[in-house]
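> Predicted model, plus sequence, below.
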Amino acid sequence: MPNSPATIGQDTHHPRIPDRSEIEERHKWDLSALYTEWSTWEADLNDLTRQIDRYGSLQGTLAGGPEHLLAAMKLADDVGVRSYKVWYYASLSYDEDQRDNAINARRQQVQILMARWHQASSWFNPELLAIPLDTVREWMAANTDLALYRFAIEDLYRQQEHVLDQRGERLLAFAERFNSAPTDAFAAISTADIRFPSITLSTGEQIPLSYGHYRAVLASNRYQADRAEAFRAFHEVYQANINTYAALYNGILQRDWFHAQAREYKSTLDAALHGNNIPPSVVENLIETTKAGTEPLRRYHRLRKRVLGLDTYHSYDGLVPLVEFDRTYAYADILEWIVGSVSALGPEYQAKMSEAFERRWIDVYENVGKRSGAYSAPVYGAHPYVLMNYNDTLDAVFTLAHELGHSMHTVLSHAHQPFIYAGYTIFVAEVPSTMNEALFLDYMLARTTDELERIVLLQHAIDDIVGTFYTQVLFADYELQAHRLVEEGKPVTADTLSDIYASLLRAYYGDVLDRDELAAMTWARIPHFFQTPYYVYQYATCYASTAQLMNDLRSESDAARQAAVERYLTLLKSGGSDYPMTLLQKAGVDLRQPEPVRAVVEELDQRVSQLEAEIARLSQTPNK
């Protein structure tokens, strides 16, 4: 029954976490592509130190001509290449078991050396920018080796548009020490000093309401009263400090507006987007088009309310699964599926992805002391390394597909770009990861014959769209409106911030969500608002880019599909060799236009329709 009492927490048995020595070698990453022993690493660390000292000695030479500039650029590349290996060998080794203080000390050695590199290279930009751009262009025209660095050099000059004179930059440098104060205070009050209560579930069990337990109740407890109690108790802690959170967020807003005005940007949004040369119309179009496409989002939640058998529907009802499904996915079983799912991208792409499994790029299972979560480390000069904590769940399968998307981006970028352009910005980084997930979803939907699995897959896809796209756009909308308060000289209080958030919940969800007083102040617990303003919109733009690219890959025309694959692979091979908007436009995506966002809206509409049909079919199936 949908509203039967929950059993969360009643089974206290958990599998024992193994020591690393108990895990088979084939399930551990092989770091020998970096170093085979610490003595070799130590020698490279010493060489890196000498390179950094030599780079510092080049100060004052750039005006001597193109050969001097080229020497500095090449040496910086050499430092960067060696830094990747030295850093990641220590960092990846540490993540295997973070209790190892000796390896942590080596890792900190690299961090200290990188701070030294930052200081030793700080002279380069001002010294180069003192040379007229026309002069540097003449040098690049005459020297083909130096011409390789054209984009990087010209972008540096472009960004100087908002650089102040020496006195102004000195004053802003003094202000830097205060920039992190509201962020640090938010972290302190939300992590170190926060105290959550315990709650009593409908079963009589008491649980301490940490963030992890709060999310677990919302995601697995099928009794609405328990979810409501967890939501109330969790957010009342923030409500008790709401004026403090408002004051801290006002500090973030005032800081951002101060720096924007000091550098003569028209708005905080302009200032935030300038580095990647993103036009503000991208964010404005993203918000406007998403708001016009919220009906599929509302349809989904109306469906959830009906299937869960709820009389009222709240934000804390949005995560619980629609059906019970306990299938597990053994790691050995899913490797062939993941490789098979990317067949549309060609056999070479599949072969490279297979290397990740065959050559031990992946650290698969949890062990005592191992870092939690998952990531793909873009190790230049070797290959990517993927950290997983695989636990046989469907989420873990999709996480693996996601991280391998990042890894393939790294493989292709590193294979086709010189070091200076081998990296890529967050604005494109999430495209290949979400593309891999989308291809894997299509593959799984095509192969499954289990009605329950099909429903679970569709809910996973829909929840991903809601969380990665709609929620992030709502957050971006909130940030933009909040920053405009200070830009327009309006007061920033807990009430004004909560009013903005409440109005956005109504704008995106309409009358689907029943009113909760505490929902209006959930802005206070979103770390991105306080840590990385104007960041989350990029998750949504990447998702929209993937949606449009997937439309092209699903074309009925063989020629159109092949052309789309070529454009997509060219995007991955391009690394950071141009501005991200330009790279995406070459791939067929123009985020200044509404089409990519509409592709997400259409995808959600289709997935909700599929889910409705599957649930209707399930209800007609005996014994289901």
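Nice, I can see it.

> how near is K266 to Q224?
47 Å (Cβ to Cβ, to the nearest Å). (C-beta placed from N, C-alpha, C; glycine too.)

> Longest helix in the chain, by number of residues?
Longest helix in the chain, counting residues (DSSP state H): helix 66-96.

> buried set for it?
Buried residues in helix 66-96, counting neighbours by 16 or more other Cβ atoms under 10 Å, are found at 66, 69-80, 82-96.

> okay, how far is it across stretch 367-374, tip to tip?
13 Å (Cα to Cα, to the nearest Å).

> what sits up against that stretch?
Stretch 367-374 is touched from outside by 17-20, 22-23, 94-100, 363, 366, 386-389, 399-400, 402-403, with contacts defined as Cβ atoms under 8 Å, 6 or more residues apart in numbering.

> contacting residues for the closest residue to V364 other than its chain neighbours?
Leaving aside its sequence neighbours, V364 sits nearest to H27 (Cβ to Cβ, 6 or more residues apart in numbering; 4.1 Å). By Cβ under 8 Å, 6+ apart, H27 lies in contact with 331, 362-365.

> and what of L286?
By Cβ under 8 Å, 6+ apart, L286 lies in contact with 473, 476, 537, 540-541, 544, 591, 597.

> Could you do V379 as well?
33-34, 84-85, 88, 385.

> Any buried residues in stretch 43-56, and which?
Buried residues in stretch 43-56, defined by neighbour count with 16+ other Cβ under 10 Å: 44-45, 48, 51-52, 55.

> so for that stretch, what's the average pLDDT?
The pLDDT scores in stretch 43-56 average 96.

> now swap in stretch 444-456 and tell me
Confidence for stretch 444-456, expressed as mean pLDDT, is 95.

> go on, stretch 520-527?
Rounded mean pLDDT across stretch 520-527 is 96.

> From one end of it to the other, what's the distance?
Terminal residues of stretch 520-527 are spaced 16 Å apart (Cα to Cα).

> Need the residues that contact that stretch.
In contact with stretch 520-527 (Cβ under 8 Å, 6+ apart) are residues 186, 190, 235, 238-239, 241-242, 245-246, 249, 315, 475, 478, 494, 497-502, 505, 529.

> Return the set of buried residues in that stretch.
Buried residues in stretch 520-527 (16+ other Cβ under 10 Å): 520-526.

> what's the answer for stretch 570-589, then?
Residues 571-581, 583-584, 587-589 are the ones in stretch 570-589 that count as buried (16+ other Cβ under 10 Å).

> what do you get for stretch 26-35?
27-29, 31, 33-35.

> what do you get for stretch 411-429?
For stretch 411-429, the neighbour count (16+ other Cβ under 10 Å) marks 411-414, 416-417, 419-424, 427-429 as buried.

> again with stretch 131-151
Residues of stretch 131-151 classed as buried by neighbour count (16+ other Cβ under 10 Å): 136, 139-140, 143, 146, 148-149.

> now do stretch 588-597
Neighbour-count burial for stretch 588-597 [16+ other Cβ under 10 Å]: 588-591, 594, 596-597.

> and which of those residues is nearest F231?
For the buried residues of stretch 588-597, the closest approach to F231 (Cβ to Cβ) belongs to V597, at 30.0 Å.

> Where does the closest one fall, secondary structure wise?
helix 595-619 (DSSP states H and E).

> residues in contact with that helix?
If you take Cβ under 8 Å, 6+ apart as the criterion, helix 595-619 is touched by 285-286, 289-290, 293, 295-297, 299-300, 303, 307, 322-323, 451-452, 454-455, 458-459, 461-462, 465-466, 469, 541, 543-545, 547-548, 550-551, 589-590, 624.

> What about those residues, which are in helices?
285-286, 289-290, 295-297, 299-300, 303, 307, 451-452, 454-455, 458-459, 461-462, 465, 541, 543-545, 547-548, 550-551.

> dump the residue contacts of A356.
362, 384, 386, 404, 407 are the contacts of A356 under Cβ under 8 Å, 6+ apart.

> tell me which element it falls in.
helix 347-358.

> average pLDDT for that helix?
Mean predicted lDDT for helix 347-358 stands at 97.

> Off-centre distance for that helix?
Centroid displacement of helix 347-358 relative to its chain, using Cα atoms, centre = their mean, to the nearest Å, is 24 Å.

> who touches the helix or strand just after that helix?
Later in the chain than helix 347-358, the nearest helix or strand by DSSP H and E is strand 362-363. For strand 362-363, contacts defined as Cβ under 8 Å, 6+ apart pick out 27-29, 95-96, 356, 370, 385-388, 400.

> List the buried residues for whichever helix or strand comes after strand 362-363?
Proceeding N to C from strand 362-363, the next assigned helix or strand is strand 375-377, under DSSP H and E. Residues 376-377 are the ones in strand 375-377 that count as buried (16+ other Cβ under 10 Å).

> ok, strand 375-377: who's next to it in the sheet?
strand 385-387 (antiparallel) (DSSP bridges).

> Check which residues of the strand it pairs with are buried.
For strand 385-387, burial by neighbour count (16+ other Cβ under 10 Å) applies to 385-387.

> can you count the residues close to L156?
16 (other Cβ atoms under 10 Å).

> tell me the angle the strand or helix carrying it makes with helix 66-96.
Using DSSP H and E, L156 falls within helix 150-159. Angle, helix 150-159 to helix 66-96, by axes from the mean of the first three to the mean of the last three Cα atoms, to 10 degrees: 90 degrees.

> moving C-terminal of helix 150-159, what's the next helix or strand?
helix 166-179.

> Quick one: residues in contact with that next one.
So helix 166-179 is contacted by 163-164, 255, 258-259, 262 (Cβ under 8 Å, 6+ apart).

> let's go with 10 Å and repeat that
126, 163-164, 251-252, 255-256, 258-259, 262-263 (Cβ atoms under 10 Å, 6 or more residues apart in numbering).

> All good on my end, thank you.
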